[in-house]
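> What follows is a predicted protein model with its sequence.
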Amino acid sequence: MDVDGVSILARGIAAKGPEGVVFANLDLQVSAGALAVVAGPGGTGRTSLLLALSGRLPLITGYLDVSGHVLPAQAKAVQQLIRPARLRPGYELEDKHRVKEAILERRLISGASDRDIDAALSLVGLAPDRSALVGDLHPADQLLLAVALAVAPSPAGILVDDVDVGLPLPSRARVWAALHEVTRTGMTVLASAADAPSGDVEVIHLPAREQDWPTDVFDLLEEDTP
């Protein structure tokens with residue numbers, strides 16, 4: 001597997017959700033083929049930033065370029081480049097499905113071949129019992145299965161939300177090691193976690209307090225409110 005990963009450049013970006021601003025005045029740069037981790041406590045906008053960087057959440061201000069595609073105008077192209085492995089809530093494997101059913105579903109949706117899926121499972125170090133229920137797998141295996149199914153069609157980047165949630169330290173280390181292996185293909189991995197791992201990681205820290213945001217962000221929000 002040889003992939004041209006996405007690179008990302010953002011300047012002064014901000015986004016809002018139903019309850020208001022989720023992040024603001026954010027600058028970041030992600031190299032192609034990097035493991036980039038949005039780090040911080042829950043409620044700081046980690047998932048929202050992953051959505052925004054992949055063209056799935058519109059910005060209210062700022063400049064965002066993903067491998068030459070400028071958002072929001074080229075959001076659909078960016079969505080094809082960066083595919084979700086897991087995004088919470090809403091994009092996770094179904095616990096009630098058997099592993100073989102999850103594989104078949106993603107294969108039909110993505111167009112990946114059986115060989116592609118076998119290679120992706122091997123890449124992340126997973127050999128699941130395909131007759132087992134997804135919900136019966138160890139949480140780390142569930143996450144790695146989702147990663148493998150996202151990796152199989154060789155997108156330029158993948159999204160992996162809440163990497164460390166519910167995992168003991170040894171399992172976290174195993175998952176981070178697998179994500180590093182994914183980047184060795186050239187694919188960019190955009191992940192979120194409370195704490196970033198050590199090593200070769202590009203860490204994105206989110207501002208956690210409203211007082212860190214410039215007043216013009218709130219002016220923009222008022223202008224954008226119907």
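Arrived safely, thanks for sending. Everything quoted here is computed from the prediction, not taken from an experiment. Residues are numbered from 1 along each chain as shown.
> what's the burial count for the closest residue to Ser48 other than its chain neighbours?
Nearest non-adjacent residue to Ser48, counting by C-beta to C-beta, 6 or more residues apart in numbering: Val22, 4.2 Å away. Glycine gets a C-beta too; all of them are placed from N, C-alpha and C. For Val22, the count of nearby residues is 21 (other C-beta atoms under 10 Å).
> Report whether Val22 is found in a strand, as I expect.
Yes: counting by DSSP: H, G, I helix; E, B strand; the rest coil, Val22 is found in a strand.
> Please name the residues that touch it.
Contact analysis of Val22 by C-beta atoms under 8 Å, 6 or more residues apart in numbering lists Ala15, Lys16, Gly45, Ser48, Leu49.
> Check it and give its pLDDT.
On pLDDT, Val22 comes in at 88.
> Can you tell me how far it is from Asp200?
Counting by C-beta to C-beta, to the nearest Å, the gap from Val22 to Asp200 is 28 Å.
> do Gly68 as well
25 Å.
> Check the chain for its longest helix and report it.
For the chain, the longest helix by residue count, based on DSSP state H, is helix 169-183.
> helices and strands around the helix or strand that comes right after that helix, which ones?
Using DSSP states H and E, the next helix or strand after helix 169-183 towards the C-terminus is strand 188-193. With contacts defined as 3 or more C-beta pairs under 8 Å, 6 or more residues apart in numbering; DSSP states H and E, strand 188-193 has these neighbours: strand 35-39, helix 46-53, strand 157-160, helix 169-183.
> between these, which gets nearest to Ala148?
Taking C-beta to C-beta, helix 169-183 is the member of these nearest to Ala148, at 8.8 Å.
> how far off strand 35-39 does that closest one point, in degrees?
Counting by axes from the mean of the first three to the mean of the last three C-alpha atoms, to 10 degrees, helix 169-183 lies at 140 degrees to strand 35-39.
> Tell me where this protein has helices.
Per DSSP H, the chain carries helices over the ranges 46-53, 75-81, 99-110, 114-123, 139-151, 169-183, 215-224.
> Including distance to Gly157, could these go into a markdown table?
Listed next are those as a markdown table, based on distance: least, C-beta to C-beta, whole Å:
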| stretch | distance to Gly157 |
| --- | --- |
| helix 46-53 | 9 |
| helix 75-81 | 6 |
| helix 99-110 | 14 |
| helix 114-123 | 15 |
| helix 139-151 | 10 |
| helix 169-183 | 10 |
| helix 215-224 | 27 |
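> Where among these is average confidence lowest?
helix 215-224 (a mean of 38).
> any chance you could read off phi and psi for the closest residue to Ala177 other than its chain neighbours?
Leaving aside its chain neighbours, Ala177 sits nearest to Gly125 (7.9 Å; criterion: C-beta to C-beta, 6+ apart). With angles defined as degrees, to the nearest 10, Gly125 sits at phi 70, psi 40.
> these two touch, right, Gly125 and Asp141?
No: contact criterion C-beta atoms under 8 Å: Gly125 and Asp141 do not qualify, at 10.0 Å.
> who's more crowded, those two?
With neighbours defined as other C-beta under 10 Å, Gly125 and Asp141 compare such that Asp141 has more, 21 against 13.
> List the residues that contact the residue positioned nearest the centre of the chain.
Centroid check for the chain by C-alpha atoms, centre = their mean gives Leu159 as the closest residue, at 1.8 Å. Leu159 makes contact with Leu50, Ser54, Ile82, Arg83, Pro84, Ala85, Arg86, Leu87, Ala150, Leu190, Ala191, according to C-beta under 8 Å, 6+ apart.
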